[in-house]
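**Q** Would you be able to build a 3D model of this:
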Amino acid sequence: MHEFALLRDLLVLIAVAIPAVALAQRVNVPTIVAFLITGIAIGPFGLGLIARSDDVVLLAEVGVVLLLFEIGLEVSLAQVIRSRTTILLGGLTQVGLTFAATAGISMATGMPPSQAVVFGCMVAVSSTAIVLKSYQDRGELDTPQGRISLAVLLFQDLMIVPMIVLIQVLGSGGAGGDWSDALRPVIGLGVLIVLVPVGLRLVPAVLGRIPDLRSSELFTLTIGFFGLGTAFITASLGLSLAVGAFIAGLIISESEYGAQAISDVVPFRALFSSIFFTSVGMLLDLGFVVDHLPLVAGVTAAVIVGKALLVVGVVTLLLKRPLFNAILTGISLSQIGEFAFVLASVAIGAGLLADATYQVFLAAAVFSMLATPFLIQAARPIAEGVVRLAGGVVRDVDDDRTVSDLNGHAIIVGFGMSGHHLARVLKAAHLKYIVLETNGLVARAARQEGESILFGDGTRPEVLIKAGIRQARVFVMNISSPVDERRGIAVARQLNPDVKILVRTRAVNAIADLNARGADDVVVEEYEAALELFQRVLRHYRIPMNTIAAEMDAVRAEHYGLLRGVPKNILRLDQLRFLGIHHALELFEVEPGSAAEGKDVVTLQLRSQTGATVVAVVREGQSFYGPDADFRFQAGDTVVVVGASPTLVKARDVFCKSV
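**A** The predicted model follows:
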């Protein structure tokens, strides 16, 4: 019945989180705070709706695994590799200084050296889940402070391995103990170093075969298998489940199928977040906090202020970044992280952490986590105030940012025949574009031919963001699916209100709806075929091309009303009837090599030869009425001729090279 109890706990957790998040949104409070408060309320030390401590720990572990897998998918491994100097230099210095300061202060207050070392390890790590989730929600993952924070957090997460080894060695007395448990994480780290390059080759190869089967379910299952499988391997070798899940996400994000993987996982983001953050809140003993409030408040404040100041010093002095960015980074990394709970559990098992010390640490960790979203929100005005107070100038520089060439480009959803032709025309015109295609075979073949194409569903916001929808100038829905057309338009318009949206549809009745949802232009396949026939018929009547083009624009402008039987305006061609000379008026375009080219009206002797009269000539938009002897006809001129039908037939032979 334990499985049933766990399911019940999950149901309670989600049921309470729903109104909490709704209320948080209403009062403009970060959802992370809502989850933490929910956990405090329903946990063993609150209302007791979830009373089993082992279930709480299990929920927390599952939650952080899922959450970090999803965050790993949104982080670029290439960017992490480019930031290796920041990771090693900044991360090592931050962890080392924080550890030394915490351990030193703890021993100065009378704490035994072994416990001081444990406490130093726990305080040295920050919350990867909370910081990246906050930056993710604010769209600041790819900012200077976002990338520096990610680099330091990644180093902290990797340092969990030697920290576990250190705690286990201290617990074994340093000698005569069981060293096999202490060595397992070291072996695991070695395996992880091998696992990453292998995964970078294996994952794309496997995922490249899945789309060929055209099964979205199989693709999602494979993504989940890689994530959970990597987490299982790392945990089996002494690392944490969460580290494995995060690394799996990084590996998948580097493949060409990363965008679609994100779109498959992101819908579960709220569930992942609620499980983890609510379960963390459930660990807090409110009774202990009330009884030791000054101590808890003092430790929490010391941790937040101390860690923030250390990070500011590291970023400004060591990494040579502006004070403004350093303050933003320091504030974001000022809390105690979720991996500290892993270290605490190891320390308790090793007999190095007393219950009272653990409760102080736990309270400080939860309250620092609780404060983090608010601190990140307030970080920018705080940083601006400090910089100005110091007499400096606010500079938010981004030395590492690579400028994407996806700016002012077109996004083409669907690479069928029309999408292929559109891409070819854009390429010939040297215009930037990117194609989104859900058929793996088509995407792979096009990529091999040098096309700028991304495997992914163009109706999903995560995929569109990956394709640069916020910087795009034109968005083209080029798929034959009424449901996807409407969804794609709505998502694109929400992400970029200024983008021009064009839609190709087969549904005649969908025109008004698509325009209402945000489409700027709707092209109906059946009607475009009719317009092509209309255009060719007019050409046979020798209507000038510019006039034909104007008529085509008029038909499209009133949403094919003429073809639908509900014309809003009378076409300009039809207005010739009201002149009373429709049967005796003709327009000819002077063709190269015709008898009229290079001749003037006198030399041409049109009236004496044909009986027709030239009343006007249009050249490059300029009208010449009753042209005189100095006017010479040029190829491309539009000539307005009047006369009886037989005379117009003769005049046609003068201006047209062939009939």
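
**Q** Show me where the stretch 201-350 of the chain has its strands.
**A** Here the stretch 201-350 of the chain has no strands by DSSP state E, counting those that start in this stretch.

**Q** Point out where it drops to low pLDDT.
**A** 211-216, 238-240, 242, 256-260, 262-263, 265-270, 272-273 (pLDDT under 70).

**Q** Reduced to three states, what does Val618 come out as?
**A** Following DSSP: H, G, I helix; E, B strand; the rest coil, Val618 is assigned to strand.

**Q** how close does Leu207 sit to Leu228?
**A** 16 Å (Cβ to Cβ, to the nearest Å). C-beta here means a position set from N, CA and C on the backbone, and glycine is covered the same way.

**Q** These two: who's more crowded?
**A** Neighbour totals were compared for Leu207 and Leu228, and Leu207 leads with 22 against 17 (other Cβ atoms under 10 Å).

**Q** mind listing what that one touches?
**A** 219, 222-223, 252, 255, 257, 261 (Cβ atoms under 8 Å, 6 or more residues apart in numbering).

**Q** Switch those over to TSV; also include neighbour count.
**A** Output for the contacts of Leu207, formatted as TSV (neighbours: other Cβ atoms under 10 Å):
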residue	neighbour count
Phe219	21
Thr222	19
Ile223	25
Ile252	27
Ser255	20
Tyr257	26
Ala261	28
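
**Q** Could you count how many residues lie near the closest residue to Val311 other than its chain neighbours?
**A** Of all residues not flanking Val311 in the chain, Gly330 sits nearest, at 3.8 Å (Cβ to Cβ, 6 or more residues apart in numbering). Neighbour count for Gly330, taken as other Cβ under 10 Å: 28.

**Q** Leu309 is in contact with Gly330, correct?
**A** Yes - using Cβ atoms under 8 Å, Gly330 is in contact with Leu309, at 6.8 Å.

**Q** so where do the strands sit in this protein?
**A** 410-413, 433-437, 453-455, 474-477, 500-505, 521-524, 585-589, 613-619, 622-625, 638-642 (DSSP state E).

**Q** Show the average pLDDT along the fourth one.
**A** The reference is to strand 474-477. The average pLDDT for strand 474-477 rounds to 91.

**Q** quick one: pLDDT of Leu562?
**A** At Leu562, pLDDT is 49.

**Q** going forward can the numbers begin at 482, since that is how I track them
**A** In the new count, where the first residue is 482, that last one comes out as Leu1043.

**Q** So which of the contacts of Leu688 are in helices?
**A** 700, 703-704, 733, 742 (DSSP state H).

**Q** Go through the residues you listed and name the one nearest Ser760.
**A** Ile704 (23.9 Å; Cβ to Cβ).

**Q** Leu922 versus the closest one, what's the distance?
**A** 19 Å.

**Q** tell me the domain ranges of the protein?
**A** According to automatic domain parsing, the chain comprises the domains 483-870, 891-1000, 1061-1140.

**Q** Quick one: neighbours of the closest residue to Val972 other than its chain neighbours, just the number.
**A** Leaving aside its sequence neighbours, Val972 sits nearest to Pro942 (Cβ to Cβ, 6+ apart; 5.2 Å). Neighbourhood size, Pro942 [other Cβ under 10 Å]: 16.

**Q** now do Ala783
**A** 14.

**Q** and the residue lying closest to it once chain neighbours are set aside, how many neighbours?
**A** Once flanking residues are discounted, Ala783 sits nearest to Ile586: 8.0 Å by Cβ to Cβ, 6+ apart. Burial of Ile586 is recorded as 16 neighbouring residues (other Cβ under 10 Å).

**Q** Likewise for Pro594?
**A** 11.

**Q** pLDDT value on it, please?
**A** 87.

**Q** can you count the residues close to the residue lying closest to it once chain neighbours are set aside?
**A** Distance criterion Cβ to Cβ, 6+ apart; nearest residue to Pro594, sequence neighbours excluded, is Met588 at 6.0 Å. Using other Cβ under 10 Å, Met588 is surrounded by 16 other residues.

**Q** Going along the chain, name the helices of the stretch 582-731 of the chain.
**A** For the stretch 582-731 of the chain, the helices defined by DSSP state H, counting those that start in this stretch cover 594-605, 609-619, 625-652, 660-688, 697-717, 722-734.

**Q** Show me what the last one packs onto, helices and strands only.
**A** What that stands for is helix 722-734. helix 534-555, helix 558-563, helix 625-652, helix 660-688, helix 697-717, helix 739-746 (3 or more Cβ pairs under 8 Å, 6 or more residues apart in numbering; DSSP states H and E).

**Q** What is the longest helix belonging to the chain packed up against?
**A** Ranked by residue count under DSSP H, the longest helix found in the chain is helix 836-870. Applying 3+ Cβ pairs under 8 Å, 6+ apart, one finds that helix 836-870 contacts helix 512-523, helix 594-605, helix 609-619, helix 750-763, helix 767-772, helix 774-794, helix 804-813, helix 820-830.

**Q** for the protein, which residue is closest to the average position?
**A** Closest residue to the average C-alpha location of the chain: Ile946 at 3.4 Å, with Cα atoms, centre = their mean.

**Q** Can you give me the neighbour number for Pro593?
**A** 13.

**Q** what do you get for Met898?
**A** 9.

**Q** Can you check the pLDDT for it?
**A** 78.

**Q** Would you quantify the distance from it to Ser961?
**A** 11 Å.
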